[in-house]
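In: Got a sequence here, can you model it:
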Amino acid sequence: MSREAATAESPTTFGPVVPGRESPGGVFGAPVRSVFTAPRNGTVVVVTAVGAAEGSRGAAAALSCAGSGVEQASLLVDVGGRVPRPTLIASAAAHRLEERLAARLPTQRPAARGEVCHLSVAADEEGLAAVGVAVTAARGGLAVVHLVPGLLQPFLETQGAPRPDAALLRADLEEARPLVALVVDDLLRRGLRVAVLKRRLGWVAERRAGFGALGSDSGGLPESLLRRLLDLGPRG
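Out: This is a model prediction of the structure:
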């Protein structure tokens with residue numbers, strides 16, 4: 001498919017879920033100038049891939065950037081991921097969250113990166129329980145939890161792990177539509193808001209998101225998808 005055709009393609013309705021598309025910003029076209037604020041009551045969003053789809057970690061980082069604000073940093077927890085390193089430039093809010101996490105989880109190594117605080121935990125029961133402690137330390141800010149596909153069910157069923165409010169699935173619908181339908185049905189039955197990202201974000205967007213520096217005009221997640229996951233309501 002050509003770049004022009006991909007940009008013009010409309011999102012595909014998938015039952016009660018509206019799969020997102022690549023934002024027409026950054027290297028994909030004209031920037032989208034939308035500003036999102038961090039959820040006030042705290043939101044936990046789990047992000048994972050379905051089947052062989054790639055790009056779930058980049059999508060999780062982009063989501064955490066969208067939920068960060070001047071006064072409150074988002075938390076990005078990568079279960080089973082590499083231990084993050086702090087960046088030279090990070091917001092005061094991200095540093096404050098880093099300090100709280102270090103105090104509550106002394107064996108972990110949180111890192112303030114841009115406007116987000118990153119944390120990596122082990123992919124086992126102890127690690128999943130540590131996610132609950134980290135979410136508490138986030139004090140009502142957005143917490144994004146990235147999981148490899150095989151950890152989704154254990155995370156949802158582990159005592160001590162936080163109950164997510166929403167789920168973002170990175171999936172290629174042409175290859176895994178039946179599996180996506182099963183996963184979406186299970187998550188909806190659990191009362192979660194669900195969104196599907198049907199295309200991987202661009203390399204530049206993923207790279208900037210990993211540094212906690214993805215602006216709203218930099219080719220991140222689609223606005224409609226963000227509003228659904230963060231429960232921001234329709235655009236006024």
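In: could you pull out the strands for this protein?
Out: 43-49, 74-79, 111-113, 116-121, 142-146, 166-170, 193-197 (DSSP state E).
In: closest one to V184 among those?
Out: Nearest of those to V184, taken as CB to CB: strand 193-197 at 5.3 Å. The C-beta positions use only the backbone N, C-alpha and C, and glycine is treated the same way.
In: other SSEs contacting the closest one?
Out: Applying 3 or more CB pairs under 8 Å, 6 or more residues apart in numbering; DSSP states H and E, we find strand 193-197 packed against strand 166-170, helix 173-189, helix 223-229.
In: Number of residues surrounding the nearest residue to G51 once chain neighbours are set aside?
Out: Computed as CB to CB, 6 or more residues apart in numbering, the closest residue to G51 that is not its neighbour in sequence is A176, at 3.5 Å. Neighbourhood size, A176 [other CB atoms under 10 Å]: 18.
In: Need the winner for burial among the helices and strands packed on strand 193-197.
Out: Mean neighbours per residue, mean count of other CB atoms under 10 Å, is largest over these for strand 166-170, with a mean of 26.
In: Find me the pLDDT at the most centrally placed residue in the chain, would you?
Out: Centre of the chain computed as the mean C-alpha position; nearest residue by CA atoms, centre = their mean is A60, 2.8 Å away. Predicted confidence (pLDDT) for A60: 97.
In: ok, it - contacts?
Out: V47, L76, D78, V144, V145, H146, L168 (CB atoms under 8 Å, 6 or more residues apart in numbering).
In: how close does the closest residue to V45 other than its chain neighbours get to V194?
Out: Once flanking residues are discounted, V45 sits nearest to A166: 4.6 Å by CB to CB, 6+ apart. The gap separating A166 from V194 is 7 Å, by CB to CB, to the nearest Å.
In: any idea how far L169 is from A73?
Out: The value you get for L169 to A73, if CB to CB is used, is 25 Å.
In: repeat for E223
Out: For E223, the distance to A73 - CB to CB - is 21 Å.
In: do A167 as well
Out: 22 Å.
In: Was I right to think V44 contacts D165?
Out: Yes. If you go by CB atoms under 8 Å, V44 and D165 touch, sitting 5.4 Å apart.
In: Give me the more crowded residue out of those two.
Out: Ranked by neighbour count (other CB under 10 Å), V44 and D165 place V44 first, with 23 against 20.
In: where does that one land on pLDDT?
Out: Here the pLDDT value assigned to V44 is 95.
In: list the contacts for it?
Out: V135, A143, V145, P162, R163, P164, D165, A166.
In: For this protein, give me the ranges with low pLDDT.
Out: 1-41, 216-219, 233-236 (pLDDT under 70).
In: That one: helices as residue ranges?
Out: With DSSP state H, the ranges of helices along the chain come out as 3-8, 56-66, 92-104, 125-137, 152-157, 173-189, 203-210, 223-229.
In: Ok, which of those helices comes nearest C117?
Out: The closest of those to C117 is helix 92-104. By CB to CB, the value is 4.1 Å.
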